[in-house]
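Participant: Test case, fold it:
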Amino acid sequence: MLALLLSVGAGSCQKPKDHTAPAVRDRDSVSMMTSYGINTLISDSGVIKYRIVTERWDVNTVKNPSRWTFEKGIFLEQFDEKFHVEGYIQADTAWYYDQKKLWELRGRVRIRNVNGLIFRSEELFWDGIAHEFYSHKFSKVITPEREMQGTYFRSDERMQRYEVTNSVGSFLESDMGGESENTAPDKQKTATLSDTATTQQSQRQPAVRRAATTKTSQP
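Facilitator: Numbering: from 1, shown residues only. Coordinates of the predicted model:
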């Protein structure tokens, strides 16, 4: 009986045990700054060049490489030196790797420039060091004169000189330098580009074989 009372007394004197979760060691998961409802202007070399509109903006300087994250989508407007709108870029999700000056845009990427060119894809990279856009996914380019689409796209930042490979598109035959002198001005012919054309088709239309890579330059 005495031994039982001693054991009960000893148990009642024990301190309660704290149940704690393990420490969070992955500091990469924590953003240095998170902002909501953003509509702000961004300057470059003292000149305002962009407007960023986004629902959420996370800045993480610990991740390698460091980045800005726009998980709720982004709308980016570009200005010239006189603060005139030159075009816009929008996407469902975006990352900006500030040390690399590289934008990665994903999901319903749309671009429109001052010349009326429209770009559509599910992926686009914007290299601020090389000053170019590129995409390795299916992309479509629409201009007032032509429409092209392909699985690889590369362009300068102003979308004035661009390249579409593995392409399918249509434009006036006169754009290819193949218009005959006997062709009436009101009878505009249309040529179709496709890298999947058969050998027989390519023999009848030599321009088709050159359509695997299409380069366009605007003045």
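
Participant: Give me the sheet partners of the longest strand along the chain and which way each runs.
Facilitator: In the chain, taking DSSP state E as the definition, the longest strand is strand 47-60. Strands that pair with strand 47-60, judged by DSSP bridges, come out as strand 33-44 (antiparallel), strand 67-70 (antiparallel), strand 74-79 (antiparallel).

Participant: any idea which of these is most buried?
Facilitator: strand 67-70 (a mean of 21; mean count of other Cβ atoms under 10 Å). Quick note: C-beta positions are derived from backbone N, CA and C, even for glycine.

Participant: quick check: mean pLDDT across that one?
Facilitator: On average, the pLDDT along strand 67-70 is 95.

Participant: what's the answer for stretch 130-143, then?
Facilitator: Average pLDDT, stretch 130-143: 94.

Participant: What is the end-to-end distance of it?
Facilitator: 24 Å (Cα to Cα, to the nearest Å).

Participant: Now do that stretch: everything it contacts.
Facilitator: Stretch 130-143 is contacted from outside by 109, 111, 115-127, 147-157, 159, 162, 164, 169, using Cβ atoms under 8 Å, 6 or more residues apart in numbering.

Participant: Counting only strands, which of these make the cut?
Facilitator: 109, 111, 118-127, 147-150, 152-156, 162, 164, 169.

Participant: just for the protein, where's the confidence low?
Facilitator: Applying pLDDT under 70 to the chain flags residues 1-29, 168-219.

Participant: I'd like to know how many residues surround V53.
Facilitator: By other Cβ atoms under 10 Å, the residues close to V53 number 15.

Participant: show me what contacts the residue nearest to it when sequence neighbours are not counted?
Facilitator: Excluding its sequence neighbours, the residue lying closest to V53 (Cβ to Cβ, 6 or more residues apart in numbering) is F75, at 4.3 Å. Contacts for F75 (Cβ under 8 Å, 6+ apart) come out as I52, V53, T54, Y88, I89, Q90.

Participant: and the gap between the fourth one and G150?
Facilitator: Computed as Cβ to Cβ, to the nearest Å, the Y88 to G150 distance reads 23 Å.

Participant: mind putting the strands paired with strand 47-60 in JSON lines, distance to Y96 included?
Facilitator: Putting the strands paired with strand 47-60 into JSON lines (distance: least, Cβ to Cβ, whole Å) gives the following:
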{"stretch": "strand 33-44", "distance to Y96": "10"}
{"stretch": "strand 67-70", "distance to Y96": "4"}
{"stretch": "strand 74-79", "distance to Y96": "9"}
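
Participant: Y88 and G150: which has the busier surroundings?
Facilitator: Counted by other Cβ under 10 Å, Y88 and G150 do not tie: G150 has more neighbours, with 23 against 16.

Participant: Can you get me a residue count around the closest residue in space to the more buried one that isn't next to it in sequence?
Facilitator: Closest residue to G150 apart from its sequence neighbours, by Cβ to Cβ, 6+ apart: S167 at 3.5 Å. Residues contacting S167 under the criterion other Cβ under 10 Å number 21.

Participant: Thanks again, I'm all set now.
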